[in-house]
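1. Return atomic coordinates for the entry below.
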Amino acid sequence: MKFSFIILWLLICSMPVYTQTLQDPGEKYAGTITAAELKTHLSVIASDYYEGRETGTRGLVRAAEYISDQFAKSGIPPLVQTGSYYKEYPLIEFGWESAMISDKKNTYAFLTDFYGYASSNNSTELNTSSIVFLGYGIDDSLYSDYTNVNVEGKVVLVAGGEPVVNGLSIITKNETMSDWSTDWRKKVTAATKHKAACIFIIDPAFGKVTTNPQWIKFLEGKLLRLKSEYKPAAYCSNFYISKATADKMLGKKKKLAEKTLNDINQNGKPENFSISSNLAFHIVKTERAVYADNVLGYVEGSDLANEVVVVSAHYDHLGKDADTVYNGADDDGSGTVSLIEMAEAMMQAKADGAGPRRSVLFIAFSGEEKGLLGSKAYVEDPVFKLENTVADLNIDMIGRVDDFHETDSNYIYIIGSNFLSTALHTINEAAAKTYTDLHLDYKYNSTTDPNRYYYRSDHYNFAKNNIPVIFYFSGSHADYHQPTDDVDKINFSLMEKRARLVFHTLWILANQDTRIVVDVPAADE
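-> Next up, the predicted model:
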């Protein structure tokens with residue numbers, strides 16, 4: 001398409017003009033990003049050899065080596081600041097070593113009879129002689145099960161949910177349940193406030209949780225936190241139990257528990273009782289220091305080199321479960337190999353003396369699947385000052401077609417482009433119209449979208465620091481976070497188009513005369 005259109009279009013929109021020659025170099029180098037090369041890279045990095053690329057494993061180390069090798073082959077030099085392509089960051093890995101609870105008659109097994117989150121618990125060695133059945137375990141100004149009850153140092157057993165009198169929540173006064181039914185932390189926080197030793201919450205969905213492979217992996221597996229943020233849990237011991245486990249603990253008083261709840265739901269007044277019980281807790285939580293790497297490829301700019309445009313994708317995935325490998329071809333192998341191809345294209349442009357004016361930092365983040373840890377570590381300790389960072393173009397899953405586009409696959413979701421900078425949004429739209437025929441879909445471009453995609457990938461840690469972002473995304477699918485997210489499901493011709501769009505937007509950001517500005521107030525989470 002004629003480059004004069006984009007010049008005119010940007011002028012009309014009062015945007016800083018990006019000056020191009022008649023033979024637009026950006027289009028030339030975008031053309032080096034091909035479906036064939038994307039497939040070659042993805043067939044490697046999403047193969048079983050990389051063992052699902054879970055952060056903290058050898059599979060991730062192998063993937064980091066592959067990415068850094070590709071940067072080196074492109075002619076990108078190691079970072080001066082680290083002497084390599086890696087920016088290491090410290091983590092704490094933690095999880096259960098053993099978790100067992102027993103009384104004189106029963107031994108309660110983890111996942112069979114109870115479960116708990118290692119993130120909200122500490123190691124516990126405890127013996128108790130009684131249990132307090134405390135209704136719903138609510139402590140609210142409108143209703144409190146803790147009224148005139150001393151639970152200090154005791155084990156508390158409560159039902160899930162909240163009192164409902166005549167079909168209405170006693171808290172909300174309508175049919176909608178309050179946070180006491182949906183946020184487990186509220187009941188645990190209340191028990192902690194009243195100095196209980198432990199709270200058991202009867203979970204109506206116990207079986208659904210403990211038979212779900214993803215939940216099992218999360219509950220049994222090792223978790224990671226940034227070392228700078230890791231602290232011992234601030235709660236009393238807290239576990240979810242099945243109705244069958246609750247009945248065993250209550251013994252002959254299980255009927256009294258049912259009557260107590262019925263009475264509360266009839267009159268809206270708290271009731272409780274205590275039973276003798278010799279519960280013994282043996283809960284051992286382990287912690288150890290580990291390290292992970294972000295992989296960085298830096299293409300230094302020319303006259304505006306102190307300003308940096310970031311392009312990011314996360315190269316970690318879920319790892320493996322026994323012999324089953326979660327290869328993560330789309331999530332986010334698609335973004336990772338697109339980043340590799342863009343880095344090669346930009347470095348070729350530099351080698352040819354064609355740019356970029358601003359510096360470009362390509363970052364393959366680890367730890368995204370563990371809570372955006374790699375990007376969080378980077379913004380806490382950046383290689384280049386955040387005030388010099390122009391924008392982050394983040395690519396996470398651009399290789400598939402979702403259910404909403406079965407008859408119109410020529411699309412890409414754009415998220416966050418107008419949240420901080422109208423200029424960034426305008427540039428991306430102009431690049432799409434000028435260089436591609438992709439439809440930009442803004443279906444998820446909202447801070448109130450129930451899927452919360454804006455908050456769920458690495459761009460968000462830049463946005464939190466007032467750096468304009470775009471999240472490029474092709475949507476979820478049935479293979480998301482499943483071992484079936486494989487290379488044979490990827491649409492490489494579409495992936496090529498989408499990666500080229502990101503490159504064109506990058507090219508404009510890196511070469512136009514004036515840096516984009518933040519002119520939109522930051523949205524609250």
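
2. What about R62? Give its phi and psi, please.
-> phi -60, psi -40 (degrees, to the nearest 10).

3. so how far is D331 from it?
-> Counting by Cβ to Cβ, to the nearest Å, the gap from R62 to D331 is 18 Å. For glycine as for every other residue, the C-beta is placed from the backbone atoms N, C-alpha and C.

4. Tell me which of these two has more neighbours.
-> Set R62 next to D331 and count neighbours by other Cβ atoms under 10 Å: D331 wins out with 28 against 15.

5. Could you find the closest non-adjacent residue to the more buried one?
-> M397 (5.1 Å; Cβ to Cβ, 6 or more residues apart in numbering).

6. Pretty sure the one you found sits against S334.
-> Yes. Between M397 and S334 there is a contact under Cβ atoms under 8 Å: 6.0 Å.

7. quick one on the thing from earlier: give me the number of residues near the residue nearest to D331?
-> M397: 27 neighbours (other Cβ under 10 Å).

8. now the one 10 residues further on
-> A total of 6 residues lie near T407 under the criterion other Cβ under 10 Å.

9. And the strands in the stretch 201-350 of the chain, which stretches?
-> With DSSP state E, counting those that start in this stretch as the criterion, the stretch 201-350 of the chain has strands at 223-226, 237-241, 273-299, 304-314, 319-321, 324-326.

10. Figure out which of those is closest to K385.
-> Closest of the strands of the stretch 201-350 of the chain to K385 is strand 304-314, at 8.6 Å (criterion: Cβ to Cβ).

11. and that closest one, which strands flank it?
-> Using DSSP bridges, the strands paired with strand 304-314 are strand 358-365 (parallel), strand 389-395 (parallel).

12. Give me the distance from the longest one to the chain's centre.
-> Computed by Cα atoms, centre = their mean, to the nearest Å, the separation of strand 358-365 from the middle of its chain amounts to 20 Å.

13. Can you point out the buried residues in it?
-> Within strand 358-365, the residues that qualify as buried are 358-365, counting by 16 or more other Cβ atoms under 10 Å.

14. Just the C-alpha atoms of stretch 279-289, please, in PDB.
-> Only the C-alpha atoms of stretch 279-289 are listed here, as PDB (Å, rounded to 0.1, in the frame of the first residue of the first chain):
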ATOM      1  CA  LEU A 279      -6.600 -34.200  66.100                       C
ATOM      2  CA  ALA A 280      -2.900 -34.400  65.300                       C
ATOM      3  CA  PHE A 281      -1.400 -32.300  62.500                       C
ATOM      4  CA  HIS A 282       1.800 -33.200  60.600                       C
ATOM      5  CA  ILE A 283       2.100 -30.600  57.900                       C
ATOM      6  CA  VAL A 284       5.600 -30.000  56.400                       C
ATOM      7  CA  LYS A 285       6.200 -27.200  53.900                       C
ATOM      8  CA  THR A 286       9.500 -27.000  52.100                       C
ATOM      9  CA  GLU A 287      11.300 -23.900  50.800                       C
ATOM     10  CA  ARG A 288      14.400 -23.500  48.700                       C
ATOM     11  CA  ALA A 289      16.100 -20.800  46.600                       C
END
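
15. and that stretch, which residues are buried?
-> Those would be 279, 281, 283, 285, 287, for stretch 279-289 by 16+ other Cβ under 10 Å.

16. Make CSV out of the strands paired with strand 304-314 and add mean pLDDT.
-> Shown next, in CSV, are the strands paired with strand 304-314 (pLDDT from 0 to 100):
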stretch, mean pLDDT
strand 358-365, 98
strand 389-395, 98
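
17. how about JSON lines for those strands, with distance to K255 added?
-> Formatted as JSON lines, the strands paired with strand 304-314 follow (distance: least, Cβ to Cβ, whole Å):
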{"stretch": "strand 358-365", "distance to K255": "54"}
{"stretch": "strand 389-395", "distance to K255": "56"}
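
18. okay, and the common contacts of M397 and S334?
-> S474 (Cβ atoms under 8 Å, 6 or more residues apart in numbering).

19. returning to that earlier point: mean pLDDT lowest for which of the strands of the stretch 201-350 of the chain?
-> Least confidently modelled of the strands of the stretch 201-350 of the chain is strand 319-321, at a mean of 92 by mean pLDDT.

20. what residues does it touch?
-> With Cβ under 8 Å, 6+ apart, strand 319-321 has contacts from 51-54, 57, 59, 213, 217, 326, 483.

21. what distance separates the start and the end of stretch 349-360?
-> This stretch, stretch 349-360, spans 12 Å end to end (Cα to Cα, to the nearest Å).

22. Confirm that V156 sits in a strand.
-> Yes. Under DSSP: H, G, I helix; E, B strand; the rest coil, V156 falls within a strand.

23. Against S242, how distant is it?
-> If you go by Cβ to Cβ, the gap between V156 and S242 works out to 17 Å.

24. now swap in N451 and tell me
-> 30 Å.

25. what's the angle between the biggest helix by length in the chain and strand 273-299?
-> Using DSSP state H, we find that the single longest helix of the chain is helix 492-511. With axes from the mean of the first three to the mean of the last three Cα atoms, to 10 degrees applied, the angle from helix 492-511 to strand 273-299 works out at 70 degrees.

26. ok, and for helix 492-511, which residues are buried?
-> Buried residues in helix 492-511 (16+ other Cβ under 10 Å): 492, 494-511.

27. now stretch 251-262
-> Buried-residue list, stretch 251-262, by 16+ other Cβ under 10 Å: 253-254, 257, 260-261.

28. one step back: the more surrounded of V156 and S242?
-> When V156 is set against S242 and neighbours are counted by other Cβ under 10 Å, the residue ahead is V156, at 27 against 21.

29. Might you report the residue contacts of that one?
-> Counted by Cβ under 8 Å, 6+ apart, V156 has contacts 131-132, 134, 137, 191, 196, 198-200.
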